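Student: quick one: sequence and predicted model below, then my questions.
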Amino acid sequence: MEFAWFKGHGTENDFVLLPDHDGTLHGDLDPAFVAALCDRRRGLGADGVMRVVRCTALGHNSPAEWFMDYRNADGSTSQMCGNGIRVFARHLLEQGLVEGPEFPVDTRDGLKFLSVEDDLLSVDMGAWTTGAHTKVAANGQAWEALEVHTGNPHAVAFVDSLADAGTLVEAPRHDESVFPEGVNVEFVQRLADRHVAMRVHERGSGETRSCGTGACATAIATAKADGQAGPATYRVDVPGGTLHVTVSTDRTVLTGPAVIVAGGTMEWSA
């Protein structure tokens, strides 16, 4: 099988995009194929794979033309990816598949609306919820964490220093009764008013340079800890750059860069 691919990143959270507009090339992506593509020594290297497919090709009755079929680096499906959808949108714009400055993209977490202004893209991430206060542990330490759902499940823990989490080679331990399907864990250090730094271990991908839904979860947890009642914008520094998240009572808006860095064709033999 020969197929086209593109590579892009949002604050160094990187992805392989597979154009499959009519849904005929890749079908239901095999997890082994996705994992091989994401391998940083034997494949193209990425934190995840996004199939670019029309909603009609999937039988979806959607106001959006395009569906982001997102897979984690281990091949498992994910409901949403905040950095990924901005990279997805940048690809659509550069290929002339949508007209800006505003347009929708459908996802497993529902319809998302994007807007573009120069180098930055913003996405309305929709509703969020918080749940239990739970515990996470890493590097021989444990912290209280807040359960936050922003399309994906998150556990947000405040730490004195991001180094406290250690190497994050292994997934932080969490309460499986709270997160039976796994969880993304954010370690957050306060830097200034409405300004934090974050490291994240993503389920199915390991530690990544950035996480859009995780940045939203971090801003939500920080706003709640601050007793913030009205809308507020938080700066979230990640190893790969800076994101901004506006938190309201009913939704979050994520803003940050997204670039396409390469593209080509590849032959694959199972």
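Tutor: Everything's here; your move. Numbering: from 1, shown residues only.
Student: now stretch 32-51, how far from the centre of its chain.
Tutor: 16 Å (Cα atoms, centre = their mean, to the nearest Å).
Student: point out where the stretch 1-150 of the chain drops to low pLDDT.
Tutor: 26-27 (pLDDT under 70).
Student: surely Val259 and Phe6 touch.
Tutor: No. With contact defined as Cβ atoms under 8 Å, Val259 does not reach Phe6; the gap is 10.8 Å. Every residue, glycine included, has its C-beta placed from N, CA and C.
Student: higher neighbour count, the two?
Tutor: Phe6 (22 against 13; other Cβ atoms under 10 Å).
Student: spatially, which residue comes closest to Ala225, not counting chain neighbours?
Tutor: Counting by Cβ to Cβ, 6 or more residues apart in numbering, Ala225 lies nearest to Phe158, which is 7.3 Å off, once chain neighbours are set aside.
Student: show me the beta-bridge partners of that neighbour.
Tutor: Val188 (DSSP bridges).
Student: Thr77: neighbouring residues, count only.
Tutor: 14.
Student: let me know the average pLDDT across the top helix by length along the chain.
Tutor: If you go by DSSP state H, the chain has its longest helix at helix 212-226. In this model, helix 212-226 has a mean pLDDT of 97.
Student: just checking, next helix/strand downstream of it?
Tutor: strand 232-238 (DSSP states H and E).
Student: quick one: the longest helix of the chain to strand 232-238, angle?
Tutor: 130 degrees (axes from the mean of the first three to the mean of the last three Cα atoms, to 10 degrees).
Student: and this protein, what are its domains?
Tutor: 2-116+257-265, 129-249 (automatic domain parsing).
Student: turn those into a markdown table, columns for distance to Val123.
Tutor: A markdown table is the format used below for these (distance: least, Cβ to Cβ, whole Å):
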| stretch | distance to Val123 |
| --- | --- |
| domain 2-116+257-265 | 5 |
| domain 129-249 | 8 |
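Student: low-confidence stretches in the stretch 151-270 of the chain?
Tutor: Checking the stretch 151-270 of the chain against pLDDT under 70 turns up 270.
Student: all the strands of it, residue numbers only.
Tutor: 153-158, 173-174, 184-192, 195-202, 206-208, 232-238, 241-247, 252-257, 259-267 (DSSP state E, counting those that start in this stretch).
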